[in-house]
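1. Sequence and predicted structure, then a few things I'm wondering about:
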Amino acid sequence: MDTRFRPLLATDDPVLLDDLLRLAAAASTEVTVARSAVQALRSWSRSPLVVVGADLLPALIAADAPAHPRAVVVTRNHAAGGGSPTGTADRRPGRPRAAVAAPWNGGPTTGGRPFPRLPGDESELVDLLAGAAARGDPPAPTVAVMGGRGGAGATLTAVALALAGGRSGRDTALLDADPFGCGPDVYLGCDLAAPVDPGHRTGWNDLLHRDGRVRWHDLRPGLPGALGVSVLTWDRRPAASGDGAPGSDALPADTARAALDSAREGTGLVVVDLPRSFDAATTEFLNRADRVHVVVPADVPSVVAASRVAPRLRTEAPGVSAVVIGSGGELTADVIARTLGLPLAADLPREPGLARLLSAGRAPARHRRSPLARFADRVVAELPAAEPVR
């Protein structure tokens, strides 16, 4: 990160500074440290976030520090039950107590205090620091894919979209949100294309136990990937009961949210391969996706199954549309889309030689003339550009 635009930590309290540096590390955020008001003012205006220790607050007010759109005042309680700026006891001795982020108006007080103060916790500070690390560019567009029924081809469609992102020059993240699927990394042949040392491979199982947010730049070296696509997937090696085997627990919503934030800030395109469910993590992905494609084979059982999920999808996500595979006869793609109450995104023929390609471990959308590849290229071309944070 450019040193001119790092968050600023302004405090001369060594214990508080140690706490703040630890939280910055948890947020994967580089910071500038100022131990006096004079030092703080040198970086004040160009810092995206200013974290002020209560020890330097009087000096900064006396120095008439200019207005700042995002500033946080932090103090540290020395003992359990000790006083806090709001008079509220902190049950965690020695932990930072934070105010809300608020504009610094340059005045000595606001309602008797320099800032409106609220009891906060460490995760709030981590989120503020991680958010400040991102540049002001719009986040990467996010496309999610769900099958209208099991085995509809949602993972192949997600792989096709990710490959199209790679072909277009976008650094692409493919999030495998289905712990019971075979995994898009298998279709991509990631382990063959760019092997990752199993001891350093990163997956959802690792993120479940990680504190704080992490930059996609830091995750990428441990992710399987190929052709400009990095895949966040599940550890499918045999595991002992209770030690984080895939599917043993639902993916927590906060883990899903943190991974999606990281990918959107650090790449040019995010594709999410969704399970056919509406747990908290799936709902999180749907709520924040720019587009959602429901893959529906053109047969009556598939349409009946898809009709069970379509109403919920319309509620949870903007931009939901149907991708119909292999339509013909009276069951046309238009009829299927109208039955589901969704706009039609594509009417695709069945992939030629699909069984042969899959048995060889190859994704059909690797070939530009593949129907899936042509559809995916069109979708990606219509998406807004995003500049990833490196």
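-> Nice, thanks for sending it over. Computed from a prediction, not measured in an experiment: that's the story for all the values here.
2. all contacts plus neighbour counts: C-alpha atoms, from now on.
-> Noted.
3. Show the pLDDT at the residue nearest to the spatial centre of the chain.
-> The structure's the chain has its C-alpha centroid closest to residue 260; by Cα atoms, centre = their mean the separation is 1.3 Å. Listed pLDDT for residue 260 reads 91.
4. try residue 139
-> On the pLDDT scale, residue 139 gets 80.
5. now residue 227
-> 81.
6. Excluding sequence neighbours, find me the nearest residue to it.
-> residue 166 (6.1 Å; Cα to Cα, 6 or more residues apart in numbering).
7. Check residue 280 too.
-> Closest residue to residue 280 apart from its sequence neighbours, by Cα to Cα, 6+ apart: residue 253 at 5.3 Å.
8. Can you get me the centre-to-centre distance for the helix or strand containing residue 295 and its chain?
-> If you go by DSSP states H and E, residue 295 is part of strand 291-297. Mean-position distance between strand 291-297 and its chain equals 21 Å (Cα atoms, centre = their mean, to the nearest Å).
9. got it, and stretch 273-293?
-> That offset, for stretch 273-293, works out to 12 Å (Cα atoms, centre = their mean).
10. mind listing what's buried in it?
-> Using 16 or more other Cα atoms under 10 Å as the test for burial, stretch 273-293 gives 273-276, 281-286, 288-293.
11. got it, and stretch 60-76?
-> Neighbour counts over stretch 60-76 (16+ other Cα under 10 Å) mark 60, 61, 65, 68, 70, 71, 72, 73, 74, 75, 76 as buried.
12. Kindly report the same for stretch 45-62.
-> 45-57, 60-61.
13. Okay, now the unreliable bits of the stretch 251-390 of the chain?
-> Along the stretch 251-390 of the chain, the parts satisfying pLDDT under 70 run over 353-366, 386-390.
14. same deal with the stretch 101-250 of the chain?
-> Checking the stretch 101-250 of the chain against pLDDT under 70 turns up 101-121, 133-137, 191-200, 211-213, 236-249.
15. repeat that with 80
-> 101-124, 127, 130-138, 189-201, 209-214, 235-250 (pLDDT under 80).
16. Mind jotting down where the helices sit in it?
-> Counting by DSSP state H, counting those that start in this stretch, the stretch 101-250 of the chain has helices at residues 122-133, 154-167, 184-188, 190-193, 204-207, 216-219.
17. Report the spatially nearest residue to residue 342, omitting neighbours in sequence.
-> The nearest residue in space to residue 342 (Cα to Cα, 6+ apart) is residue 321, at 5.3 Å.
18. If I take the helix or strand harbouring the one you found and helix 154-167, what angle do their directions form?
-> For residue 321, the host element (DSSP H and E) is strand 320-325. Counting by axes from the mean of the first three to the mean of the last three Cα atoms, to 10 degrees, strand 320-325 points 100 degrees away from the direction of helix 154-167.
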